[in-house]
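> A predicted structure for the sequence below; I have some questions about it.
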Amino acid sequence: MGSIFSGNFGRRNKRPYLDELKRIHLPRIVGASGGEIAKKCTAAIYRHDQRDHYIAVTHARGGCFAAVARFVCPECERRCAVLYIAESLSCYRCAGNYRCQSESPARRAERRANKILSEVKYDYRRLEGKIAWRRWKTHAVVKSKAVEAASLIFGRHKNVIESLHRIIGTNP
């Protein structure tokens with residue numbers, strides 16, 4: 001069922017959240033291989049529980065006309081950077097796992113908090129960090145949202161670290 005901190009506590013749906021599924025993320029693999037996989041037309045994926053899979057790799061146009069390597073989904077033949085491992089290898093559309101429908105509440109709150117923190121503009125040279133031409137009322141609202149978002153992220157990470165310490169059996 002899960003614990004309170006897993007985001008799976010009291011959930012009726014048995015399908016796993018999208019962030020709980022195992023996945024193959026092509027940009028990370030390309031970065032780790034030094035770009036060798038990006039030059040190939042197929043990628044061999046070996047799974048210990050099933051037969052080997054050969055996935056086509058194509059190239060899409062990226063920023064500044066750079067070629068960006070993408071997988072071709074075996075089911076729908078769409079280009080995608082991430083393949084999810086559920087019953088078979090597939091993109092998020094074929095797996096039926098859309099992020100807005102299948103994201104744990106804790107992960108969703110953390111993503112929203114990161115978005116708020118990325119949009120905060122703060123001028124360290126001015127009084128209380130207020131940027132020029134911003135009203136004090138707006139600055140107070142933005143500042144309170146940023147403090148709330150930061151406390152949510154730090155609290156979440158603190159809970160996870162405390163849970164790990166309990167599992168390992170050490171004291172922080």
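Thanks, I have it. Numbers count the residues shown, from 1 in each chain.

> average pLDDT for the helix of greatest length in the chain?
Ranked by residue count and defined by DSSP state H, the top helix of the chain is helix 136-168. In this model, helix 136-168 carries a mean pLDDT of 84.

> who does the helix or strand containing F71 pair up with?
Applying DSSP states H and E as the criterion places F71 in strand 67-72. Each strand that strand 67-72 pairs with, and the sense of that pairing, follows from DSSP bridges: strand 53-61 (antiparallel), strand 79-80 (antiparallel).

> and the ones you listed, which is most packed in?
Comparing the strands paired with strand 67-72 on average neighbours per residue, with mean count of other Cβ atoms under 10 Å, the densest one is strand 79-80 at a mean of 17. From N, CA and C alone the C-beta is placed, and that goes for glycine too.

> partner strands of the helix or strand that that one is followed by and their direction?
Reading on from strand 79-80 to the C-terminus, the next helix or strand found by DSSP H and E is strand 82-85. Here strand 82-85 is paired, per DSSP bridges, with strand 22-25 (antiparallel), strand 89-90 (antiparallel).

> any weak-confidence spans in the chain?
For the chain, applying pLDDT under 70 flags the ranges 1-21, 27-53, 63, 65, 97-103, 171-172.

> the domain parsing of it - what is it?
If the domains of the chain are taken from automatic domain parsing, they occupy 22-95, 105-168, with pieces of a single domain joined by a plus sign.

> on that earlier part again, any chance of the strands paired with strand 67-72 in TSV, with distance to E87 too?
Supplementary listing: the strands paired with strand 67-72 in TSV, determined by distance: least, Cβ to Cβ, whole Å:
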stretch	distance to E87
strand 53-61	13
strand 79-80	17
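
> so which of those gets nearest V142?
With distances scored as Cβ to Cβ, the stretch of those nearest to V142 is strand 79-80 (35.5 Å).

> which outside residues touch that closest one?
Contact with strand 79-80 is made by T58, A60, R70, F71, V72, C73, C91, Y92, as judged by Cβ atoms under 8 Å, 6 or more residues apart in numbering.

> most neighbours out of the residues you listed, which is it?
For the contacts of strand 79-80, neighbours were counted by other Cβ atoms under 10 Å; the highest total belongs to F71, with 23 neighbours.
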